[in-house]
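A.B. asks: This is the structure alone, sequence omitted:
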DNA sequence: TTTACTTTGCGTCATAATAACGCAAACTAA
DNA sequence: TTAGTTTGCGTTATTATGACGCAAAGTAAA
């Protein structure tokens, strides 16, 4: 244990963040290239230590703001990881969270991104430091199962979107093929997305085909029942 | 903030436990009557602080062993609660877990139970100290949803049980009526429970009607799909 | 503009899953 | 012995689902 931790009587508390972004049928995660030991020059999830008087969500916001310049996004606590040897510097317990950012925010991030920050497709991750591979895996697992019973996938899309975009998102995240017409029927029958009345740029005769999430429905009835 | 915490640079880490027991169509939770301030003489969930070098599950085991004299049981991490004012003594972050104990263990507990420990039916809880009402509520919520897609309810029953007992358990936990015959068909079709070949004491001509959980099936396919 | 190709919205149909409920044999208690 | 309850096993109508057809709308190249 290094000097940094020797004065603590409790384990240190940290948060780690799995930030998901989606673009053109690709789900990606944001990783950080470490400048310091341990895992110097290696990739890890962004994270940070909890200060006294700071809530977990505040730490998350602080990290996201500092590293990405982003304010509001979908954020959810995932799990608390406490293996005694998960951090070579000493006992650090990490409350992992995952975040979903939409295309607009993704663009902001891309514009101002430091060169130690990088997007990686979830299917092509580099080796990760600490126990971050496990944390990432569990996040992806959660995301996969959650989109089936909670309309959380919408957070990865623009405010308005086409059904095809939503369909592609689901296929990408779940990694399976979903019949386009059955998906359409299910999602429209549920009334969780509704037409905006608008049509895509350039379209002339087609019915309205831009949709948005219906915020007036209780989100807890959402149920897609797509086999995994 | 009291002296006890003033030397820490990090928030303290604790665990709180929601211990569920089931008996005769009643789901109960184990509560502790506090001897000390804060909430002296009030009821709270059992809990304890994390020592350096101790894992979260170890703390849970330690508490359960000390307070209840019980060793092995179903234990699952629930959520980490971090509201800065959740503990009047100072900043304490609690990783809540919930546990399920079976009738045999419940009997052991009942036999050796200190008078500061008591079972309360989940529908008749006393006022709880700290933010424990919220923790309890979230545990019950989790239990309710989890038994629908994971065979976790079995942990509250004996090794062998009748379908009726299982049916009653589900009705009790979910707080709804479930058609006996449809429940039977679903649970038997799924093959998650199988006949033991034995019959209940005293029965003569009836088919085997004692069942046990089928451990040979992958538990992740369990799906009951009962409307809530 | 014509032509060939792709995308999208809407519909059909066979099958599976589900909810509601009937019934008689096994069991229990008076 | 009798009356009432519990339990196992069915049936049926309705709904949900998966698989797929098809034509209008849209796109891109000649």
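C.D. replies: Thanks, I have it. None of the values given here were measured: they were computed from a predicted structure. Residues are numbered from 1 along each chain as shown, chains lettered A, B, ... in the order given.

A.B. asks: Heading C-terminal from the worst-scoring helix or strand of chain A on mean pLDDT, find the next helix or strand.
C.D. replies: Each helix and strand of chain A was given a mean pLDDT (mean pLDDT, DSSP states H and E); the minimum falls on helix A:3-6 at a mean of 38. Tracing the chain past helix A:3-6, the next element assigned as helix or strand by DSSP states H and E is strand A:12-22.

A.B. asks: tell me the angle that next one makes with strand B:12-22.
C.D. replies: Compare the direction of strand A:12-22 with that of strand B:12-22 by axes from the mean of the first three to the mean of the last three C-alpha atoms, to 10 degrees and you get 70 degrees.

A.B. asks: Quick check: can you list the domain ranges of chain A?
C.D. replies: Taking automatic domain parsing as the domain assignment, the ranges for chain A are A:3-131, A:153-221.

A.B. asks: Columns mean neighbour count and distance to residue B:213 on top of the ones you listed, output as TSV?
C.D. replies: C-beta here means a position set from N, CA and C on the backbone, and glycine is covered the same way. Putting those into TSV (neighbours: other C-beta atoms under 10 Å in any protein chain shown; distance: least, C-beta to C-beta, whole Å) gives the following:
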stretch	mean neighbour count	distance to residue B:213
domain A:3-131	17	26
domain A:153-221	14	29
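
A.B. asks: Tell me which of those sits nearest to residue B:36.
C.D. replies: The minimum distance between residue B:36 and the domains of chain A falls on domain A:3-131, with 20.1 Å, by C-beta to C-beta.

A.B. asks: and the closest one, does that touch DNA strand C?
C.D. replies: No - under the criterion of C-beta under 7 Å from any atom of the strand, DNA strand C is not reached by domain A:3-131; the shortest gap measures 11.8 Å.

A.B. asks: For chain A, which segments count as helices?
C.D. replies: A:3-6, A:56-68, A:103-111, A:132-146, A:163-174, A:180-189 (DSSP state H).

A.B. asks: what's the distance between the most far-flung residue of chain A relative to its centre and residue B:49?
C.D. replies: Residue farthest from the centre of chain A, counting by C-alpha atoms, centre = their mean, is residue A:205 at 36.7 Å. As defined by C-beta to C-beta, to the nearest Å, residue A:205 lies at a distance of 68 Å from residue B:49.

A.B. asks: same question, residue A:47
C.D. replies: 24 Å.

A.B. asks: ditto for residue A:66
C.D. replies: Relative to residue B:49, residue A:66 is positioned 31 Å away (C-beta to C-beta).

A.B. asks: Enumerate the positions of stretch A:128-147 that are buried.
C.D. replies: The neighbour-count check on stretch A:128-147 (16 or more other C-beta atoms under 10 Å in any protein chain shown) flags A:128-132, A:135-136, A:138-140, A:142-143, A:146-147 as buried.

A.B. asks: Compare the helices of chain A and give me the one nearest residue B:182.
C.D. replies: Judged by C-beta to C-beta, the one of the helices of chain A that comes nearest to residue B:182 is helix A:180-189, at 23.8 Å.

A.B. asks: Leaving out the residues flanking it, which one is nearest to residue A:156?
C.D. replies: Once its chain neighbours are removed from consideration, residue A:156 has its nearest residue in residue A:22; the separation is 4.1 Å (C-beta to C-beta, 6 or more residues apart in numbering or on different chains).

A.B. asks: I figured that neighbour was touching residue A:171, is that so?
C.D. replies: No - with contact defined as C-beta atoms under 8 Å, residue A:22 does not count as touching residue A:171 (11.6 Å).

A.B. asks: before we move on, the earlier item: quick one: residues contacting the residue farthest from the centre of chain A.
C.D. replies: For residue A:205, the set of contacting residues under the criterion of C-beta atoms under 8 Å, 6 or more residues apart in numbering or on different chains is empty.

A.B. asks: for residue A:108, same thing?
C.D. replies: Applying C-beta under 8 Å, 6+ apart to residue A:108 gives the contacts A:68-70.

A.B. asks: ok, so of those residues, who is nearest residue A:183?
C.D. replies: Taking C-beta to C-beta as the measure, residue A:183 lies nearest residue A:70 of the contacts of residue A:108, at 30.1 Å.

A.B. asks: quick one: that closest one and residue A:202, what's the gap?
C.D. replies: 31 Å.

A.B. asks: Flag every residue of chain A that's near chain B.
C.D. replies: On the criterion C-beta under 8 Å from any C-beta of the partner chain, chain B has as its neighbours in chain A the residues A:7-13, A:50, A:52-53, A:55-56, A:77, A:79-80, A:82-84, A:91, A:93, A:95.

A.B. asks: Look at the residue nearest to residue A:164 when sequence neighbours are not counted and report its pLDDT.
C.D. replies: Counting by C-beta to C-beta, 6+ apart, residue A:180 is the residue found nearest to residue A:164 once chain neighbours are left out, at 7.6 Å. According to the per-residue confidence, residue A:180 scores 96 in pLDDT.

A.B. asks: so residue A:180 makes contact with residue A:168?
C.D. replies: No - between residue A:180 and residue A:168 no contact is recorded; they are 9.6 Å apart, counting by C-beta under 8 Å.

A.B. asks: beta partners for residue A:44?
C.D. replies: Applying DSSP bridges to residue A:44 yields these beta-bridge partners: residue A:32.

A.B. asks: what sits against it?
C.D. replies: Residue A:44 is in contact with A:31-32, A:34, A:128-130, A:132, counting by C-beta under 8 Å, 6+ apart.

A.B. asks: Which residue, other than its chain neighbours, is closest to residue A:159?
C.D. replies: Among residues not flanking residue A:159 along the chain, residue A:212 sits closest, at 5.9 Å (C-beta to C-beta, 6+ apart).

A.B. asks: what pLDDT does the one you found get?
C.D. replies: Note on residue A:212: pLDDT of 94.

A.B. asks: picking up where we left off before, make a markdown table out of the helices of chain A and add distance to residue B:189.
C.D. replies: As requested, the helices of chain A are arranged in a markdown table below (distance: least, C-beta to C-beta, whole Å):
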| stretch | distance to residue B:189 |
| --- | --- |
| helix A:3-6 | 54 |
| helix A:56-68 | 43 |
| helix A:103-111 | 44 |
| helix A:132-146 | 23 |
| helix A:163-174 | 26 |
| helix A:180-189 | 24 |
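
A.B. asks: Next one: the closest residue to residue A:61 other than its chain neighbours from residue A:165, what distance?
C.D. replies: Ranked by C-beta to C-beta, 6+ apart and with sequence neighbours excluded, the top spatial neighbour of residue A:61 is residue A:71, at 7.5 Å. The spacing between residue A:71 and residue A:165, counted by C-beta to C-beta, is 24 Å.
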